[in-house]
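Chemist: Below is the sequence, then the predicted model.
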Amino acid sequence: MFTGLIEATGQVERIAATPAGRVLRVSTPLGAELSAGDSIAVNGVCLTVSSRDESGFEAVISPETLRVTSLLTASEGRLLNLERPLRADGRFGGHFVLGHVDGVGRVTTIRPDGDCYWLEIELPANLAAYVIHKGSIAIDGISLTVAALAENRVSVQIVPFTFEKTTLRDARAGDAVNLEVDVIGKYVARLLGEKLVEAGLPPSRS
């Protein structure tokens, strides 16, 4: 499990196609602190470290992960957000992030507001019901608070530290981003849907 508090950024050093998907090589000082078999969130996607050295690590991206995340379009030189799993004795910040991407959104706008920035994302229609005002959402692995909702668009405000220390400093309109909605909301929606079915009513689509 992750928190959405990004530890570091890394850069795609190499990405190669294989029969099993793709092998991703990420250049980052975090390589010195990893071991083969460790989990690591890469732009919000939970991957398993297959090998590492002092300057970075490699991970295999499965075909299914490529299909449902923005890692499909990853190319050499791209900046990536990185986070290791939460330690049992660590402080919990951000929110519960599993590294299981729910969908891919698109940046519609990013604009300054004083020292901060407004970031607006177009949501896949099937995710809109799980996003609430002042709730949490992970965007490329970053835990953010929903500041505004309008139809299938969500807006968040980015503080200077987050802007400077994550991939958001390179964000542009049209960019694909990985989205993970609050897992608690998904469980609640599933349980309510089952209760409605048991009562002979159609599940809510709102």
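Modeler: Ah, there it is. Just so you know, these numbers come straight off a predicted model, no measurement behind them.

Chemist: show me where this protein has strands.
Modeler: Here the chain has its strands, by DSSP state E, at 8-18, 21-27, 39-42, 45-53, 56-61, 79-83, 103-113, 116-122, 136-139, 142-145, 148-150, 153-158, 176-181.

Chemist: Pick the most deeply packed of those strands.
Modeler: strand 136-139 (a mean of 26; mean count of other C-beta atoms under 10 Å). To be clear about C-beta, it is placed using only N, CA and C from the backbone, and glycine gets the same treatment.

Chemist: roughly how far is it from the heart of the chain?
Modeler: Here the centre of mass of C-alpha atoms in strand 136-139, compared against the chain's by C-alpha atoms, centre = their mean, to the nearest Å, lies 7 Å away.

Chemist: Tabulate the strands of the chain (JSON lines), appending mean pLDDT and distance to Gly90.
Modeler: Listed next are the strands of the chain as JSON lines, based on pLDDT from 0 to 100; distance: least, C-beta to C-beta, whole Å:
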{"stretch": "strand 8-18", "mean pLDDT": "95", "distance to Gly90": "16"}
{"stretch": "strand 21-27", "mean pLDDT": "96", "distance to Gly90": "22"}
{"stretch": "strand 39-42", "mean pLDDT": "98", "distance to Gly90": "14"}
{"stretch": "strand 45-53", "mean pLDDT": "97", "distance to Gly90": "17"}
{"stretch": "strand 56-61", "mean pLDDT": "97", "distance to Gly90": "21"}
{"stretch": "strand 79-83", "mean pLDDT": "98", "distance to Gly90": "12"}
{"stretch": "strand 103-113", "mean pLDDT": "97", "distance to Gly90": "28"}
{"stretch": "strand 116-122", "mean pLDDT": "98", "distance to Gly90": "27"}
{"stretch": "strand 136-139", "mean pLDDT": "97", "distance to Gly90": "18"}
{"stretch": "strand 142-145", "mean pLDDT": "97", "distance to Gly90": "15"}
{"stretch": "strand 148-150", "mean pLDDT": "93", "distance to Gly90": "31"}
{"stretch": "strand 153-158", "mean pLDDT": "97", "distance to Gly90": "24"}
{"stretch": "strand 176-181", "mean pLDDT": "97", "distance to Gly90": "20"}
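
Chemist: Dump those strands to a markdown table, plus distance to Phe96.
Modeler: A markdown table is the format used below for the strands of the chain (distance: least, C-beta to C-beta, whole Å):
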| stretch | distance to Phe96 |
| --- | --- |
| strand 8-18 | 21 |
| strand 21-27 | 24 |
| strand 39-42 | 13 |
| strand 45-53 | 13 |
| strand 56-61 | 22 |
| strand 79-83 | 13 |
| strand 103-113 | 18 |
| strand 116-122 | 20 |
| strand 136-139 | 8 |
| strand 142-145 | 9 |
| strand 148-150 | 20 |
| strand 153-158 | 17 |
| strand 176-181 | 10 |
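
Chemist: With respect to His95, which of these lies nearest?
Modeler: strand 136-139 (4.0 Å; C-beta to C-beta).

Chemist: In the sheet, which strands lie alongside the closest one, parallel or antiparallel?
Modeler: Strand 136-139 has the following sheet partners, assigned by DSSP bridges: strand 142-145 (antiparallel), strand 176-181 (antiparallel).
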